[in-house]
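Student: Could you work out the structure for the sequence below:
(one chain, ligands or ions: 1)
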Amino acid sequence: MELVSLPSEMRRIAEDLRRRDGTIAFVPTMGFLHDGHLALMREGRQRASVLVVSIFVNPSQFGPNEDFERYPRALQKDLEKIERIPADYVFAPDTRAMLPADTETWVEVTGVTRGLCGAHRPGHFRGVTTIVAKLFNLVQPHIAIFGEKDFQQLRAIQKMVHDLNFAVEIIPHPIVREPDGLAMSSRNAYLSPKQRNEALALSQSLFAARELSAAGTRDPDAIVQAARRVLDRSADIKLEYLEAVDWETLAKPSAHRSMLLAVAARVGDTRLIDNIALHNPA
Ligand code: AMP
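Tutor: Take a look at the predicted model:
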C-alpha cells in the first residue's frame with residue numbers, strides 16, 4: 001500500500017494505472033475511520049482491480065462556527081485499518097495543496113442541495129462537490145463508493161457527475177449501524193456515554209416511521225409525526241430538521257413514490273444526521 005500526498009503524484013499514478021487497463025475504485029473519506037468507511041472500501045476492493053482511498057478533512061465544507069479544527073484525526077490508525085482491506089493507494093493531501101488560497105473555481109449543485117442539510121449549512125455542499133470534483137480529476141476512478149448515511153451528499157454527487165459528464169459510476173452503499181441502531185459516524189467520538197444513549201432516539205425514530213410505513217401508512221405527515229413522537233421523548237436532543245422528502249429528488253414527497261425520512265439533530269454540541277428509505281411497495 002502506498003501513501004501519496006502530492007496531488008501531482010496521485011494524478012501521475014492514476015494515469016499510469018489507466019494506461020495499464022486497471023479499473024480504479026475510489027472511496028473518499030475525511031478519515032477517523034470506522035466500520036462504515038471500511039465497508040465502502042471492501043465494496044470497492046471487490047468491484048475493481050485497484051482501490052484508492054482518500055483522507056482529507058475538507059475545510060471548505062465546514063462553516064465558520066463548525067468543527068473543522070477539532071474534527072477527529074488519526075492518520076496512523078487509519079492507515080493500519082486500510083492496510084487490512086487492503087487498499088493499493090491512500091491519497092492524503094495537505095490542505096493547501098488541495099485547496100490553494102488563490103482558488104477561484106467552485107462546483108455548485110443547486111436543486112438537491114437546497115433543503116435538509118443544505119438549508120442549515122450554507123456553502124457545505126459547494127465545498128463537498130468542489131473537492132470531490134478535484135479528487136475525481138486526480139484519482140480518475142471508474143467507480144466511486146459513497147455512503148447513504150450522507151444521502152443528500154450522495155444525490156449531490158450523482159447530480160454533479162450527471163450534469164458535468166464525469167466518467168465515473170457512483171455506487172451507493174447502505175448505512176452501516178452499530179448493533180443498537182446508531183448510524184456509525186466519526187462524530188460519534190464526541191459523545192459522552194450519556195449522550196450516546198440519547199443519540200439512539202434518532203435511529204429509533206426512523207425505525208418507528210419505517211414500521212408505520214410498512215404497515216401501509218404512506219401519508220408523509222403521519223410518518224413524520226410518528227418519528228417526532230420518539231424524538232420528543234429525549235429532552236437532550238435539539239432537532240434541526242425531521243423531514244420526509246422524495247427519495248429521488250429530495251423535493252416534496254408524494255405518498256405514491258418512495259420517500260426518504262431524514263433527520264439532523266444536536267446532542268450536546270454534536271450534530272448528528274441519519275435517514276431511512278421508505279420505499280413504495282406498489
Ligand atoms: P466521511 O469521512 O464522514 O466524509 O465519510 C466518507 C464516506 O463514508 C461517505 O461516503 C459517507 O457517506 C460514508 N459513511 C460515513 N459513515 C457511514 C456509515 N455509517 N455507513 C455507510 N457509509 C458511511
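Student: need the residues of the stretch 151-282 of the chain near the ligand, please.
Tutor: 173, 175-176, 183-186 (CB under 6 Å from any ligand atom). To be clear about C-beta, it is placed using only N, CA and C from the backbone, and glycine gets the same treatment.
Student: Name the member of those that has the highest neighbour count.
Tutor: For those, the largest number of neighbours (other CB atoms under 10 Å) sits with Ser185, at 24 neighbours.
Student: secondary structure element for the closest residue in space to it that isn't next to it in sequence?
Tutor: The spatial neighbour of Ser185 that comes closest, neighbours along the chain excluded (CB to CB, 6 or more residues apart in numbering), is Leu272 at 6.5 Å. Taking DSSP states H and E as the definition, one finds Leu272 inside strand 270-278.
Student: how about the CA coordinates for that strand, as CSV?
Tutor: Coordinates of each C-alpha in strand 270-278 appear next as CSV, following Å, rounded to 0.1, in the frame of the first residue of the first chain:
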residue,chain,number,x,y,z
THR,A,270,-22.5,17.3,18.4
ARG,A,271,-24.5,17.4,15.2
LEU,A,272,-25.7,14.0,14.0
ILE,A,273,-27.6,13.0,10.9
ASP,A,274,-29.5,9.9,9.9
ASN,A,275,-32.1,8.8,7.4
ILE,A,276,-34.1,5.9,6.2
ALA,A,277,-35.7,5.0,2.8
LEU,A,278,-39.4,4.3,2.8
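Student: By proximity to the ligand, which residue of the stretch 1-150 of the chain wins?
Tutor: Across the stretch 1-150 of the chain, the shortest distance to the ligand (CB to the nearest ligand atom) belongs to Gly147, at 2.1 Å.
Student: Low-confidence stretches in the stretch 151-282 of the chain?
Tutor: Applying pLDDT under 70 to the stretch 151-282 of the chain flags the ranges 282.
Student: quick one, strands of it?
Tutor: Using DSSP state E, counting those that start in this stretch, the strands found in the stretch 151-282 of the chain span residues 169-173, 237-246, 259-267, 270-278.
Student: Return the most buried member of those strands.
Tutor: Of these, the one with the most neighbours on average (mean count of other CB atoms under 10 Å) is strand 259-267, at a mean of 23.
Student: Listing partners with orientation, what would you give for it?
Tutor: The strands that strand 259-267 pairs with in its sheet are strand 237-246 (antiparallel), strand 270-278 (antiparallel) (by DSSP bridges).
Student: which intervals of the stretch 1-150 of the chain have sub-threshold pLDDT?
Tutor: Under the criterion pLDDT under 70, no range of the stretch 1-150 of the chain is flagged.
Student: residues from it in reach of the ligand?
Tutor: Proximity of the stretch 1-150 of the chain to the ligand, by CB under 6 Å from any ligand atom, involves residues 29-30, 36-37, 40, 146-147, 149-150.
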